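**Student:** Predicted structure and sequence below. I'll ask about it afterward.
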Amino acid sequence: MSEKFDVEKVDLTDSKYAKEYDENKLWDKVKSVAKKAGIKVIYYVLELFYAMQSGNVTMGEKTLIIAALGYFILPLDLIPDFIPIAGYGDDAAVLYGLIQKLDGIDERVKAQAKSKLKEWFGNYDESKLEE
């Protein structure tokens, strides 16, 4: 892919993404694509999910989290998920871009996400989450 993905092209205020969000659909998607999407993308999903559950985010931020998770669920987004390598790159960029804007992702949220990763993936190299 010659052109770098521009996360600003994704308008999380667009209701089509929020409409895709459903907690059951989220976990079904995670289960079906975890290995293909990679541990970092799943970590971002978990951080946002637990931030939303924590009560440390505003209603407006929850709305953006729901939209970002809906974007992840949606298979045909700006870069369709079935495209090898690049398919989850846009999802990662959207999820990470929102994480960087939120104050509600504290150490407790990160610990919950890492604990769930350990449960699902077993022992993993935690440094992979920061690359």
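**Tutor:** Great, that's in hand.

**Student:** which stretches of the protein form helices?
**Tutor:** Applying DSSP state H to the chain gives helices spanning 15-20, 23-37, 39-54, 59-73, 89-101, 107-121.

**Student:** possible to save those helices as JSON lines with distance to Leu129?
**Tutor:** Bear in mind the C-beta positions are built from the backbone N, C-alpha and C, glycine included. Below are these laid out as JSON lines (distance: least, C-beta to C-beta, whole Å):
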{"stretch": "helix 15-20", "distance to Leu129": "24"}
{"stretch": "helix 23-37", "distance to Leu129": "14"}
{"stretch": "helix 39-54", "distance to Leu129": "5"}
{"stretch": "helix 59-73", "distance to Leu129": "17"}
{"stretch": "helix 89-101", "distance to Leu129": "11"}
{"stretch": "helix 107-121", "distance to Leu129": "8"}
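
**Student:** Spatially central, which residue of this protein would that be?
**Tutor:** Compute the mean C-alpha point of the chain, and by C-alpha atoms, centre = their mean the closest residue is Val45, 3.2 Å away.

**Student:** pretty sure that residue contacts Tyr71?
**Tutor:** No. Look at Val45 against Tyr71 with C-beta atoms under 8 Å: they stay out of range, at 10.6 Å.

**Student:** can you list residues touching both of those two?
**Tutor:** Leu95 (C-beta atoms under 8 Å, 6 or more residues apart in numbering).

**Student:** In terms of secondary structure, what does the helix or strand bottoming out on mean pLDDT in the chain contact?
**Tutor:** In the chain, no helix or strand scores lower on mean pLDDT, DSSP states H and E than helix 15-20, which sits at a mean of 87. Here helix 15-20 touches helix 59-73, going by 3 or more C-beta pairs under 8 Å, 6 or more residues apart in numbering; DSSP states H and E.
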